[in-house]
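Student: sequence unknown, structure follows:
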């Protein structure tokens, strides 16, 4: 039972990170979004929306050194532009 509770709490914390990033991005806090994305990237490395948000925030905050990983992950993305 304790394991299930710990699992549910950890899942909800990661969901909050993505929502927090989106809210900060809308408020033009790109540096904060880039830092949160960098810290949580391993949990969302298959989520194309997260990776795109992280990459655009780093681009807008001039953290170009952090762009190589998201670019490589989105290279084979199926986004239709």
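Tutor: Happy to help now that I have it. Since the structure is predicted, the reported quantities are computational estimates derived from the model, not experimental observations.

Student: helices along this structure, start to end?
Tutor: Per DSSP state H, the chain carries helices over the ranges 2-26, 30-40, 48-60, 68-74.

Student: want to throw those helices into JSON lines with mean neighbour count and mean pLDDT?
Tutor: Where you see a C-beta, it was placed from the backbone N, CA and C, and this is true even at glycine. Shown next, in JSON lines, are the helices of the chain (neighbours: other C-beta atoms under 10 Å; pLDDT from 0 to 100):
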{"stretch": "helix 2-26", "mean neighbour count": "12", "mean pLDDT": "71"}
{"stretch": "helix 30-40", "mean neighbour count": "19", "mean pLDDT": "94"}
{"stretch": "helix 48-60", "mean neighbour count": "19", "mean pLDDT": "94"}
{"stretch": "helix 68-74", "mean neighbour count": "15", "mean pLDDT": "89"}
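
Student: contacts only, for the closest residue in space to residue 55 that isn't next to it in sequence.
Tutor: Among residues not flanking residue 55 along the chain, residue 70 sits closest, at 3.7 Å (C-beta to C-beta, 6 or more residues apart in numbering). Applying C-beta atoms under 8 Å, 6 or more residues apart in numbering, we find residue 70 in contact with 51, 52, 54, 55, 58.

Student: measure residue 70 to residue 20 for me?
Tutor: Computed as C-beta to C-beta, to the nearest Å, the residue 70 to residue 20 distance reads 18 Å.

Student: same deal with residue 75?
Tutor: For residue 75 relative to residue 20 (C-beta to C-beta), the value is 27 Å.
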